[in-house]
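Chemist: The following comprises the amino acid sequence and a computationally predicted model.
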Amino acid sequence: KKNKKIDGIIFGETGVNFAYQLGIAKYIQRNYKLEDYKFCGISGGCHCAFILSNKIDVEDFFNQFILQTFNKKNNNKYTTIFEIANIALYKLYKSIFNLENINDKMYISITKIYPKFSNQTISNFKSFDDAFCSIKTSQYIPFLFGSSYTIYNNEICMDGFLTSFNYKPTNENWVNINIRNFSLFYYFTCLFNFRKLFNEEYHKECYRNGYLDAEKKNNYFLELGFTK
């Protein structure tokens with residue numbers, strides 16, 4: 001039995017397997033109506049939320065950012081993953097950014113540490129830098145990326161996944177696109193395969209398999225309420 005009309009899509013955490021989720025997003029973008037949807041990103045899912053809210057072709061993003069950045073020649077070029085974002089991702093996002101496309105249409109989940117451990121949803125952005133920093137903050141895995149926390153809007157924060165259980169950004173009808181619903185292998189290896197971060201062939205494999213696994217679950221999407 002189909003759900004009621006979808007208001008928004010939540011893209012969950014990805015770890016190093018972000019290309020797998022991009023493959024799923026590519027299938028969704030090419031096969032279902034996404035007009036008037038809102039998009040929410042949790043941790044690595046922020047990329048899909050940004051791409052779809054700005055109506056960017058997923059294939060272009062994969063070719064222009066993923067393959068151009070995460071390859072062998074850049075293996076020793078960047079010292080941290082955050083430096084990758086500041087140098088490569090900032091430039092690409094800036095070139096395709098449109099504030100009108102994302103305000104109250106793109107939602108970013110982050111975790112605030114002080115005064116208590118809690119979730120905060122960002123959906124009204126003041127500028128490109130504000131939106132970009134919220135996306136980086138949502139993906140900040142403690143210690144793996146250096147410090148145990150990062151700073152967003154003068155507040156101590158970290159990865160949005162940590163407070164995203166049973167999460168919905170609004171009281172509307174949101175559907176979740178999470179890697180674990182498509183492949184337990186890619187879900188359970190998302191934090192253990194960071195040694196493959198600069199392996200271009202691995203990202204191509206993830207991207208291809210994400211698309212193929214999504215293709216096999218056409219009925220799943222229809223049951224969620226997607227329209228061809």
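Modeler: Ah, there it is. Worth saying up front: this structure is predicted, and the values here are computed from it rather than measured.
Chemist: Val175 and Ile6 touch, don't they?
Modeler: Yes. Contact criterion C-beta atoms under 8 Å: Val175 and Ile6 qualify, at 5.6 Å. For every residue, glycine as well, the C-beta is placed using N, CA and C.
Chemist: Identify the contacts common to those two.
Modeler: Residues touching both Val175 and Ile6 by C-beta atoms under 8 Å, 6 or more residues apart in numbering: 224-226.
Chemist: Now do stretch 165-183, average pLDDT.
Modeler: Stretch 165-183 shows a mean pLDDT of 94.
Chemist: what's it in contact with?
Modeler: Stretch 165-183 is contacted from outside by 3-14, 17, 20-21, 24-25, 28, 38, 40, 42, 45, 48, 107, 109, 119, 121, 123, 186-187, 190, 209-210, 213-214, 217, 220, 224-226, using C-beta under 8 Å, 6+ apart.
Chemist: Now intersect the residues you listed with the strands, please.
Modeler: Of those, the ones assigned to strands by DSSP state E are 8-11, 38, 40, 42, 107, 109, 119, 121.
Chemist: And stretch 200-216, what's buried?
Modeler: By 16 or more other C-beta atoms under 10 Å, the buried positions in stretch 200-216 come out as 200, 202-203, 206-207, 209-211, 213-214.
Chemist: Can you lay out those as CSV showing pLDDT and distance to Ile141?
Modeler: CSV is the format used below for the buried residues of stretch 200-216 (pLDDT from 0 to 100; distance: C-beta to C-beta, whole Å):
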residue, pLDDT, distance to Ile141
Glu200, 93, 22
Tyr202, 95, 19
His203, 95, 18
Cys206, 97, 18
Tyr207, 97, 21
Asn209, 98, 23
Gly210, 98, 21
Tyr211, 98, 26
Asp213, 98, 24
Ala214, 97, 25
